[in-house]
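K.L.:
Take a look and give me a structure for this.
(chains A and B)
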Amino acid sequence: MPSSHALTAPVRVSAALARDRLGVAAVVFFVMSAAAPLTVVAGVVPTGLAVTGLTAMPIAFLVVALVLAVFSVGYVAMARHIANAGAFYAYIARGLGRPLGVGAAWVALAAYNSFQVAAYGGFGAIAAPLVGDWTGADLPWWLIALAAWALTAVLGVRDVAVNGRVLATLLVAEVVLVVVFSVTDLTTAGFRPDLAALDPAGLTGAGAGALLVMAVTGFVGFEQSVVFSEESRDPRRTVPRATYVAIALIAALYAFASWAMISAAGAGAVNRAAAEGPELFFVLAADRLGTAAVHLGHALFLTSLVAAMISFHNIISRYAFALGREGVLPRAFGRTVPATGAPKNGSLVQSAFGLAVIVAYGVLGGDPLVQLFFWGGTAGGLGVLLLITVTSAAVVAYFGRRAQLENVWRRLLAPGAATLLLAGITTLTIVHLATVLGVPPGSALTRVLPWGFLVLSGLGVCWALTLRRLRPAVYEGIGRGARAFSFSSFGPVRSFGPDRSSGPDLSSGPDLSSGPDLSSGRGGAGDGR
Amino acid sequence: MQPLADDLFLTAHDSVHGRCLLSPAILGLGLGGAVLAELVLGRRLDIRGDHLALLDDRATGDIASAAVLGHIARDHNRGVRDWIAYLGSGIAPDLVGRRLATTGQVRRRARRSFFGTRLVTEPVDSVASGRPGTRVRVAAERRERLPQEDLTLAGLIFATGLDQYTLATLGRADRAHLLDQLRRRLPEPLQRLLGHAEAAVGEAVLARRA
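P.N.:
Now for the predicted structure:
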């Protein structure tokens, strides 16, 4: 009778809750598998070299890691005080107002969907020649992409716990492989330690913005650590530690692997990256490790892309779920598959979008590697960079009104510095967008991307203002995720309780803690304000 | 009428094969909310804001709610959400399963599989196990006034997402009518409790714990 033992002492509640919760290692695993290390090392690094012609990639990773670590100080601090901490838009809604929050939610959905379809394109393009090598079958890239798409779509509505275990195993294999290949690079004949790759001066050139946004792309996934801020054993320590550990590990891995690759490729690194693409990573170590290792590397490269797809798919369907619960998106998005807890409609709509993009590229003959994988990844990277920047400003604004909650380093100095640095990186990226995308300066695409995000967030702001007028109770719940309402499929009943803020919450005011008294017999949207 | 959590447990099981329709985490949160609701309905507890208030610590007549009440009496300085999470982490399903076993409505047996042995609790009689859900659905179809217990059960059916099975055939207008009853007729403490249960389910989904 385990439960009656559990019921003998009050302290057991805390112990039982803690037992179910996550430690630092579990959160680090989760974050790193979303970052998909092998995809970045074999996919993003050679592409970055080829497109920018700069070898400063390792230092770019280290600089971005530092900036993200400083950003994370305020980010994880604010995560402790708000609901729905896994979503950037929740921070922005609480820090800079609900309209900007909805604008950010739209941008986030677009950015993560860009990553998702980029992964499909990359998978198809990279797998097609490999499948040809392995089986002799000459399959079109879109057919292979559709297979990956189908797997993601099915897993999206299946048991997420199984996903977690599979992802963790793949992640360990990926990291081991990256380390082994990179160490092998050090022993190859052509290896010459490239000190220029570690010189921060390399980040002042014309392609600096490109390198930095690519480095940011490599870290995407780190922001998911705060999903567990309420699930962790010790909310004050577990999530912050896991975030810093993940950023440090990712940075060390990327910087070392890219430095080893550039050094081993020697003076012709840029040209070789342009000619060989993702193969560069595998070819460099192939002489010493043999073809079996290369085949294993290719296989893991593909599973790494699949892991990235699954992670982004889960992020997107949960964004849609939170927005559906709030009523910002149609409430049907707030539904789950009861037997698995998977956010059903968010997942299905994401899959439908992915299918449409793959089919459109297949029919119109778009280039999956450049126009889907690379442009999609860059668009996603720019979108996430914009979100991180605005979130950082939101942290400053949020704590500006709640100075008693955190010390001055966490609430002002770190997020303030991070905001300035991130704004700098964003500006450089937009200025160098032609380099980033590998298109001629002044090309239409360089205007479409930033304006696209701007228009999208503008539409989000308009939608939020419409909600404020027409459905004020929905408006009040923006950014609160699962806590926004009760009976979410039918409309608001009331707001339940304040945030889990440890101190008094100054901005929530009467809307949260002393909402309309429904026992008097009235409820619904009209009572929200 | 049998205890609310027992009704929810039976509703959460497929009336043909006896399989659970909810993930273990969501079932646990639903049953945790249900046992707390039993104590609120029995005037042992009140929900004030985010916290529980103990009104009466005399033991109730059954093992499940008595065990939970005894525990709350020793440690009531906790939020409703903590209690739902705690009870949901296996405690409430275990207590409710044992309570149902004493009345012979469920069978508890070890099921062996490749990954080891685990204890499963299955309804004995598939016809009887479908009854609570059917009762709520039929009452909603007839636009009857549901008793508070069944109204709370309906709320938990919505909160756990079980309505996709139990109330799948309910027409749009009947559904709206049922919800209207929930909003207008259920006392505020129970509404708050249901809101906490639904939020707990939603956050479990967001935190990939569901």
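K.L.:
For stretch A:375-382, list every residue counted as buried.
P.N.:
Residues of stretch A:375-382 classed as buried: A:375-382 (neighbour count, 16 or more other CB atoms under 10 Å in any protein chain shown). In this view, the C-beta of every residue, glycine as well, is placed from N, C-alpha and C.
K.L.:
what about it, distance to the chain center?
P.N.:
12 Å (CA atoms, centre = their mean, to the nearest Å).
K.L.:
got it, and stretch A:267-280?
P.N.:
Counting by CA atoms, centre = their mean, stretch A:267-280 comes out at 27 Å from the chain centroid.
K.L.:
One more: stretch B:15-33?
P.N.:
Centre-to-centre, stretch B:15-33 and its host chain are 9 Å apart (CA atoms, centre = their mean).
K.L.:
likewise stretch A:114-133?
P.N.:
Using CA atoms, centre = their mean, the offset of stretch A:114-133 from its chain centre is 20 Å.
K.L.:
ok so, going back, would you mind putting the buried residues of stretch A:375-382 into TSV with distance to chain B and pLDDT alongside?
P.N.:
Listed next are the buried residues of stretch A:375-382 as TSV, based on distance: CB to the nearest CB, whole Å; pLDDT from 0 to 100:
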residue	distance to chain B	pLDDT
A:W375	30	90
A:G376	25	93
A:G377	24	92
A:T378	28	90
A:A379	25	94
A:G380	21	95
A:G381	24	94
A:L382	26	96
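K.L.:
which residues sit against stretch B:52-67?
P.N.:
A:3-4, A:7, B:3, B:5, B:35-36, B:38-39, B:42-47, B:69-70, B:72-73, B:76, B:78, B:80, B:83, B:92, B:95-96, B:98-99, B:102 (CB atoms under 8 Å, 6 or more residues apart in numbering or on different chains).
K.L.:
Just the ones of those in helices?
P.N.:
A:3-4, B:5, B:35-36, B:38-39, B:69-70, B:72-73, B:80, B:83, B:92, B:95-96, B:98-99, B:102 (DSSP state H).
K.L.:
I'd like to know how far the residue of chain B most remote from its centre sits from chain A.
P.N.:
Distance from the centre of chain B peaks at B:F114, with 30.5 Å (CA atoms, centre = their mean). B:F114 is 14 Å from chain A, where distance means CB to the nearest CB, to the nearest Å.
K.L.:
backbone phi and psi for that residue, please?
P.N.:
Backbone torsions of B:F114, given as degrees, to the nearest 10, read phi -60, psi -30.
K.L.:
mind checking pLDDT for it?
P.N.:
Confidence at B:F114, expressed as pLDDT, is 75.
K.L.:
Quick check: it vs A:T169, distance?
P.N.:
From B:F114 across to A:T169, the span is 17 Å (CB to CB, to the nearest Å).
K.L.:
just A:V117 next, same as before
P.N.:
As for A:V117, its distance to A:T169 is 26 Å (criterion: CB to CB).
K.L.:
out of these two, which sits in the busier spot?
P.N.:
A:V117 (30 against 12; other CB atoms under 10 Å in any protein chain shown).
K.L.:
So which elements touch the helix or strand hosting the more buried one?
P.N.:
Element membership for A:V117, per DSSP states H and E: helix A:98-135. Using 3 or more CB pairs under 8 Å, 6 or more residues apart in numbering or on different chains; DSSP states H and E, the elements in contact with helix A:98-135 are helix A:88-96, helix A:141-156, helix A:279-326, helix A:344-364, helix A:375-400, helix A:444-470.
K.L.:
Between helix A:279-326 and the last one, find me the angle.
P.N.:
Meaning helix A:444-470. For helix A:444-470 and helix A:279-326, the angle between their directions (axes from the mean of the first three to the mean of the last three CA atoms, to 10 degrees) works out to 20 degrees.
K.L.:
So for helix A:444-470, what gets flagged as buried?
P.N.:
Applying 16+ other CB under 10 Å to helix A:444-470 flags A:445-446, A:449-450, A:452-453, A:456-457, A:460-461, A:463-464, A:467-468 as buried.
K.L.:
what separates that helix from the chain centre, distance-wise?
P.N.:
Distance, centroid of helix A:444-470 to centroid of chain: 21 Å (CA atoms, centre = their mean).
K.L.:
quick one: that helix to helix A:375-400, angle?
P.N.:
Using the same axes, to 10 degrees: helix A:444-470 against helix A:375-400 is 40 degrees.
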